[in-house]
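Q: All I have is the shape, not the residue letters:
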């Protein structure tokens, strides 16, 4: 893989559904929080590996609008872990030159977490070595609903509505659509992730749990993408 670095067709935007943290912990007779902690540690490492191969954007599904339905103890732990990570790793990502974006209903997060999110976005806004877009309190349907609400507030006329205009009102309109979406843990569905943006994304479902994801898996994803022929609805030849 390393020798092919200059030859391969590199996806510019990789999206990841980081699934399997709880099952990883359960199979090792560990408490659930250990799985989430290990998953967070991978989130700190894996995007930088993708960036080293030429990927420009990594989007991750960190917490969905449906995850609030989990046990209160688990949700509280996840919110504390998120706050701790965004506060303590702000300088780390800044030193690495990584720009952090947060997508979702950020203003509905508990306590001072919305302000913590704003701080890391502001701190890293001028970085250019890669973009890590973290989907937090995110749902694909919620994103489309929020876009429609913004359009209605702008009094957009019926004849003005088109694909490009809708994209303008999505959470991260400046980002290109993901070239490939990966889901770990063996589940073969998107679960509401990037519903608008995934229309022509390649999909790759891996049986490995997210806490076990490593550099060789990054290389496998890039090699798999190389073998795909994206036609965007065009000729199948």
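A: Received it, and whenever you're ready, just let me know what you need. The structure presented is a predicted model; accordingly, all values stated were derived computationally and were not measured.
Q: Below-threshold pLDDT in this structure: ranges please.
A: 1-8, 231-237 (pLDDT under 70).
Q: Would you state the strands of this protein in chain order?
A: 13-17, 57-64, 98-103, 130-138, 180-183, 202-205 (DSSP state E).
Q: Which strands border the third one, and is each parallel or antiparallel?
A: Each strand that pairs with strand 98-103, with its direction, by DSSP bridges: strand 130-138 (parallel).
Q: can you give me the angle the partner strand makes with strand 13-17?
A: 40 degrees (axes from the mean of the first three to the mean of the last three CA atoms, to 10 degrees).
Q: the inter-axis angle of strand 130-138 versus strand 57-64?
A: Following the same axes, to 10 degrees, one obtains 20 degrees for the angle between strand 130-138 and strand 57-64.
Q: Start at 682, not 1
A: Right, with 682 as the first residue, what we last looked at is strand 811-819.
Q: So which of the strands of the chain is nearest residue 801?
A: strand 779-784 (5.0 Å; CB to CB). In short, each C-beta sits where N, CA and C put it, glycine included.
Q: Which other helices and strands does the lengthiest helix in the chain contact?
A: For the chain, the longest helix by residue count, based on DSSP state H, is helix 713-733. Using 3 or more CB pairs under 8 Å, 6 or more residues apart in numbering; DSSP states H and E as the contact test, the elements touching helix 713-733 are helix 702-708, strand 738-745, helix 753-769, strand 779-784, strand 811-819, helix 896-907.
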